[in-house]
Each structure stands twice: as structure tokens, then as C-alpha cells.
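In: coords please:
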Amino acid sequence: ALEAHCNEQSGNHRQFKAYLQTRGMSTVPLARFVGNRFNILFFNAGGVFFLRNHIVEFYDSVFGTPNRLHVAVRADVGVAGYLAACRALGIVGKLITAPLWRKLASPLTAIGDMSAVYEALCTALDRWQDDATELLDGSGVAFPGAAVTVDSIHQELFRSCELDDLTLVLLQLISSAFVKYSRRLLVDHLPGGRYHTLSPETRQVTSSVATTNVVSERAFAQLDR
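Out: Numbers count the residues shown, from 1 in each chain. Predicted coordinates:
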């Protein structure tokens with residue numbers, strides 16, 4: 001409804017961006033789905049939580065709700081459970097998924113380096129499924145060297161508020177789901193797996209192996225056009 005590539009008939013990005021500019025913001029921190037599939041849920045959830053008060057003021061004092069799409073968006077940002085979920089997903093994006101993607105996409109990362117990263121991540125998720133306080137307060141480290149971007153959205157996500165208790169529960173549920181899926185998906189890279197400990201020869205042979213499937217995804221995207 002409010003992102004730059006929103007529904008052209010029912011959305012209204014231009015007026016929302018103009019409103020944000022009056023509040024000192026030059027961009028709308030929301031991304032389009034196309035080209036951002038890995039982290040889009042977490043990135044946009046954090047953006048919605050950051051913008052929640054602006055969205056309310058925009059609808060209530062500036063734009064109104066001229067159609068059912070805007071009525072639904074305005075109603076959703078008034079639900080505490082939805083906002084806590086957005087905050088939890090945004091925190092996961094800041095501390096887990098975005099740093100993981102930066103590690104994978106770095107030209108300095110070899111595929112043989114990822115086993116240690118995955119093991120550390122699963123260990124952290126095991127801990128956070130029982131107590132996610134480190135995620136809630138921003139002190140959690142998903143793996144050694146995790147690069148976290150600190151910006152205005154980061155500050156808002158980790159600022160204590162009335163949603164802390166519900167956000168903590170959701171972070172623990174997300175961590176529980178993540179660790180189960182990760183251990184199943186990454187079994188070959190975890191202790192006992194065939195890629196967990198690579199010989200120097202294997203590291204050399206696999207040094208040019210792609211760490212992501214971005215190249216193939218781009219090729220298929222071109223075919224879809």
C-alpha cells in the first residue's frame with residue numbers, strides 16, 4: 001500500500017513519501033519483493049515497526065483510508081500482536097539473516113568457511129529458543145564476525161517498549177523453528193557431517209564454489225521476463 005512498487009490502483013506511495021519528508025525522512029524504508037526474496041520478510045517487518053507511528057498519523061491526520069487496502073493497513077498497525085511480530089522479525093533480520101547474507105555474499109568468504117558459521121549459528125539458536133533476551137536487547141551475536149548495521153531502524157527495534165514481553169516470546173518461537181530447520185538443512189556442515197571438517201586439499205578444490213545461488217536466480221529471472 002505504501003512501498004514504491006505498491007498497488008498502482010489502490011496504493012499511495014507518493015503521498016506517504018511526501019509526508020515522511022515533512023518528518024525529516026528522505027526515503028521509505030520498505031523494499032519490493034522482486035529481487036529481495038532472501039530477506040524481504042525481515043527487512044520490511046522491521047521497516048513497518050519503525051514506521052508504525054508515522055503510518056497511524058498519515059492515515060488519521062493526512063490521507064484517510066479511501067479504500068479497503070488502506071483500511072486494512074490502518075487496522076493492522078493498531079494490533080499489538082502484529083506489531084510485536086514485525087518487531088521480532090525485524091530483530092531477526094538485523095541480528096541473524098542480514099549478517100548471514102553479508103557473510104555469504106562477501107568475496108572473502110569461501111564455501112569451506114561456512115561450516116564454522118553454521119555451527120555457531122545453530123548453537124546460538126539453541127540458546128535463544130529457551131531465552132531470547134540477547135535478541136531482544138540487541139546483544140546477541142549469531143556467529144563470530146557477524147556484521148550488524150546500526151541505524152535508526154536498529155535503534156527503534158531494540159528500544160524497550162510495552163511490547164517487550166510478547167516480542168520475547170515470539171523471538172523464542174522463531175529461534176526454535178529456525179534451529180530445527182537449520183539443523184536439518186545444514187546437516188552436512190555440522191559436527192559429524194561430511195563437509196564439517198575439510199582437508200586442505202578439499203578446501204583448495206572448493207575455493208571457487210559459489211556460496212549463494214544468486215547467479216542462477218538472476219538467470220531464471222531473465223527467463224521469466
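
In: could you find the closest non-adjacent residue to Asn39?
Out: In space, and not counting its chain neighbours, Asn39 is closest to Thr97: 5.2 Å by C-beta to C-beta, 6 or more residues apart in numbering. Glycine gets a C-beta too; all of them are placed from N, C-alpha and C.

In: let me see the contact set for that neighbour.
Out: Phe38, Asn39, Phe42 (C-beta atoms under 8 Å, 6 or more residues apart in numbering).

In: how close does it get to Ala80?
Out: Using C-beta to C-beta, to the nearest Å, Thr97 is found at 24 Å from Ala80.

In: buried residues, stretch 27-40. List them.
Out: Buried positions in stretch 27-40, judged by neighbour count with 16 or more other C-beta atoms under 10 Å: Val28, Pro29, Leu30, Ala31, Phe38, Asn39, Ile40.

In: actually stretch 179-196, not the one I typed
Out: Val179, Ser182, Leu186, His189, Leu190, Tyr195, His196.

In: the residue lying farthest from the centre of the chain is in what secondary structure piece?
Out: Distance from the C-alpha centroid of the chain peaks at Glu201, with 35.8 Å (C-alpha atoms, centre = their mean). Under the criterion of DSSP states H and E, Glu201 resides in helix 200-205.

In: contacts for that helix next, please.
Out: Ala110, Gly112.

In: stretch 152-159 now?
Out: 29, 46-47, 49-50, 87, 90-91, 94, 136-138, 148.

In: can you pick out the most distant pair from the residues you listed?
Out: Maximum pairwise distance in the contacts of stretch 152-159, criterion C-beta to C-beta, is 22.0 Å, between Pro29 and Asp137.

In: the strands in this protein, which residues?
Out: Along the chain, no segments are classed as strands by DSSP state E.

In: check which residues of stretch 86-104 are buried.
Out: The neighbour-count check on stretch 86-104 (16+ other C-beta under 10 Å) flags 86-100, 103-104 as buried.

In: mark which of the residues you listed are part of helices, please.
Out: Cys86, Arg87, Ala88, Leu89, Gly90, Ile91, Val92, Ala98, Pro99, Leu100, Lys103, Leu104 (DSSP state H).

In: can you give me the first-to-last residue distance of stretch 176-195?
Out: Using C-alpha to C-alpha, to the nearest Å, the end-to-end distance of stretch 176-195 comes to 24 Å.

In: quick check: mean pLDDT of it?
Out: For stretch 176-195, mean pLDDT rounds to 96.

In: make sure Ala1 is actually in contact with Leu30.
Out: No. With contacts defined as C-beta atoms under 8 Å, Ala1 does not count as touching Leu30, sitting 9.9 Å away.

In: pull the distance from the least confident helix or strand in the chain by mean pLDDT to the chain's centre.
Out: Sorting the helices and strands of the chain by mean pLDDT, DSSP states H and E puts helix 214-224 at the bottom, at a mean of 74. Offset of helix 214-224 from its chain centre (C-alpha atoms, centre = their mean, to the nearest Å): 22 Å.

In: got the angle for it vs helix 98-105?
Out: 90 degrees (axes from the mean of the first three to the mean of the last three C-alpha atoms, to 10 degrees).
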